[in-house]
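Undergrad: need coordinates for the below:
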Amino acid sequence: QVQLVESGGGLVQPGGSLRLSCAASGFSFDYYAVGWFRQAPGKEREGVACSMSDNSKYYEDSVKGRFTISRDNTKNTVYLQMNSLKPEDTAVYYCATVTPSWNCRTIATAANPSDYWGQGTQVTVTS
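TA: Take a look at the predicted model:
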């Protein structure tokens, strides 16, 4: 059974940091590109970061320099380190596989309902 389970969300002040984790099981994690997506109320789901199986990384423009995606294939886990958080980063964050993997290069529009998805974790940035 395929599972992706996100954790690490929460409430943080502007300028703060959070680290999200996504633990995967039930598929060959190391062969897949894996991305982080977010969806704010009333907005479409957008991709923010993606890690390909060769560890190439891609970011949506608004998070470049602030967010870092990483993966540990020995733990079947992908992380999203989020620094310098802004109120506009407030959203539910999801991890998902990204297929085909080259869609990582255009991660902002790579959300595919046919991929494997986690249940999401809420990130709220507010003073």
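Undergrad: so what's the residue nearest the centre of the chain up against?
TA: Nearest to the geometric centre of the chain sits Trp36, at 1.6 Å (Cα atoms, centre = their mean). Applying Cβ atoms under 8 Å, 6 or more residues apart in numbering to Trp36 gives the contacts 20, 22, 47-50, 67, 69, 78, 80, 93-95. Where C-beta positions appear, they are placed from N, C-alpha and C, glycine not excepted.
Undergrad: then it would be within a helix, right?
TA: No - the assignment for Trp36, made by DSSP: H, G, I helix; E, B strand; the rest coil, is strand rather than a helix.
Undergrad: shift numbering so it begins at 45
TA: Shifting the count to begin at 45 puts that one at Trp80.
Undergrad: roughly how far does it sit from Arg149?
TA: Taking Cβ to Cβ, to the nearest Å as the measure, Trp80 falls 15 Å from Arg149.
Undergrad: with Ala77 instead?
TA: From Ala77 to Arg149 the distance is 10 Å (Cβ to Cβ).
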